[in-house]
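S.K.: Sequence plus predicted model, see below.
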Amino acid sequence: FQTALCVVYTPDKEHFGIVPLEAMYAGTPVLAVNSGGPTETVVDSRTGFLREPTPQAFAGALEILIRDPQRATVMGKQARIHVEKSFGADRFREQWDELVLSTQERKSKRKVMPSGALIVPLVAMLFLVVSIIFILW
C-alpha cells in the first residue's frame, strides 16, 4: 500500500471492512463507495474520497490524485493519523475505560443485578479490542 497512489475500494453497502483501515494505516488514501463501512472510516477529501458507485465519480477522484500526487501523499499522512486516533489502541483503551465506568455507575444505581449479566458484553468488547489491536499491530 505504501507506494500506491491510493487504494480503490469498490464494494457497495459493505460492512465495516478492514481494507480501508489497513490502507490508511499504511499511509495510503482510500477511494471508496459512499455507503456502508467506508462512511465510518474514510473522511472524504481528507483521508481519501467517498464517491457514488459510478465510473465517472471514481474517475474524477482518481484524476485529482493523478494530477496532484502530492495531495495523495498529504492525504495518506492524514489517513495514518486518523486511523491511529480513531481506531488505535489508545482510543480503544479510552472507550474501554468509559464502558467500565458507565457500567459501574449503572450497577451502583441498580438494587438487584443478576450475576453474570455483564460478562457477555464485557467479553465481547474485550474480544473486539484485542482483535483490532492484533490487526493494527
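M.R.: Now that the structure is in, tell me what you want to look at. Everything numeric here is computed off the predicted structure, so don't read it as measured data. Residues are numbered from 1 along each chain as shown.

S.K.: Low-confidence bits of the protein, can you list those?
M.R.: Counting by pLDDT under 70, the low-confidence segments of the chain come to 1-2, 111-118, 120, 137.

S.K.: Please, where are all the helices along it?
M.R.: 19-25, 38-41, 55-67, 69-87, 89-109, 119-136 (DSSP state H).

S.K.: Could you give the separation of stretch 15-23 from the chain centroid?
M.R.: Relative to its chain's centre, stretch 15-23 lies at 7 Å (Cα atoms, centre = their mean, to the nearest Å).

S.K.: winner for burial among the helices of the chain?
M.R.: Of all those, helix 19-25 carries the top mean neighbour count, a mean of 23, counting by mean count of other Cβ atoms under 10 Å. Where you see a C-beta, it was placed from the backbone N, CA and C, and this is true even at glycine.

S.K.: now for that one, which elements pack on it?
M.R.: Here helix 19-25 touches strand 7-9, strand 30-33, helix 38-41, helix 69-87, helix 119-136, going by 3 or more Cβ pairs under 8 Å, 6 or more residues apart in numbering; DSSP states H and E.

S.K.: could the helices of the chain be laid out in JSON lines, adding distance to Tyr9?
M.R.: Rendered in JSON lines, the data for the helices of the chain read as follows (distance: least, Cβ to Cβ, whole Å):
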{"stretch": "helix 19-25", "distance to Tyr9": "6"}
{"stretch": "helix 38-41", "distance to Tyr9": "6"}
{"stretch": "helix 55-67", "distance to Tyr9": "10"}
{"stretch": "helix 69-87", "distance to Tyr9": "12"}
{"stretch": "helix 89-109", "distance to Tyr9": "22"}
{"stretch": "helix 119-136", "distance to Tyr9": "16"}
